[in-house]
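# Sequence first, predicted model second:
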Amino acid sequence: MAVDKNIYVLIVDDYQTMRGVIRNLVNQSGFHNTIEAATTDEAFEKLKEHHCGLVIFDWRTGPMAGEDFLKTMRADPDLKDTRFIVVSAESNDELTAVIRKAGAADFIAKPFTQATLKKTMTALFGSF
């Protein structure tokens, strides 16, 4: 079964330039319905407005801590099944364990390429 490339992808990062880079990588993977948020508060608003099939979230975007943001999303009945890919410039086994325990589908260390993102998205959605 092919993935629906018309899903909304929410990109959450406090740096506008990084949001643009991630948006371009997502677009290169064939997904063109992207929404952006600069804070976790803005991300909440966007998630309530749009049904997003995927959220790509920078772990250090605030004001809410990444772990709390994910746990809050998982506790919301409307958002609990949303797929989250966490991205971060930090990368270690302890952080990866915390991210997975909080409910992320996957983790990608920054900087990353389109090939890395596509591989992760293929693991989540199947071939596309």
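Received the coordinates, thanks. Numbering: from 1, shown residues only.

# Now do stretch 96-111: distance to the chain's middle.
Offset of stretch 96-111 from its chain centre (C-alpha atoms, centre = their mean, to the nearest Å): 10 Å.

# what does stretch 94-108 give?
12 Å.

# got a list of contacts for that stretch?
Residues outside stretch 94-108 that contact it (C-beta atoms under 8 Å, 6 or more residues apart in numbering): 57, 59, 66-67, 70-71, 73-74, 83-88, 91, 116-117, 120, 123-124. Where C-beta positions appear, they are placed from N, C-alpha and C, glycine not excepted.

# Can I get that stretch in CSV, CA atoms only?
Output in CSV follows, covering the C-alpha atoms of stretch 94-108 (Å, rounded to 0.1, in the frame of the first residue of the first chain):
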residue,chain,number,x,y,z
GLU,A,94,20.7,8.2,27.0
LEU,A,95,18.9,10.9,25.0
THR,A,96,17.7,8.4,22.4
ALA,A,97,16.2,6.3,25.2
VAL,A,98,14.4,9.3,26.7
ILE,A,99,13.1,10.3,23.3
ARG,A,100,11.7,6.8,22.6
LYS,A,101,10.2,6.4,26.1
ALA,A,102,8.4,9.8,25.6
GLY,A,103,6.7,8.4,22.5
ALA,A,104,8.7,9.4,19.4
ALA,A,105,8.6,7.1,16.4
ASP,A,106,12.2,7.8,15.6
PHE,A,107,15.2,10.0,16.1
ILE,A,108,17.5,11.7,13.6
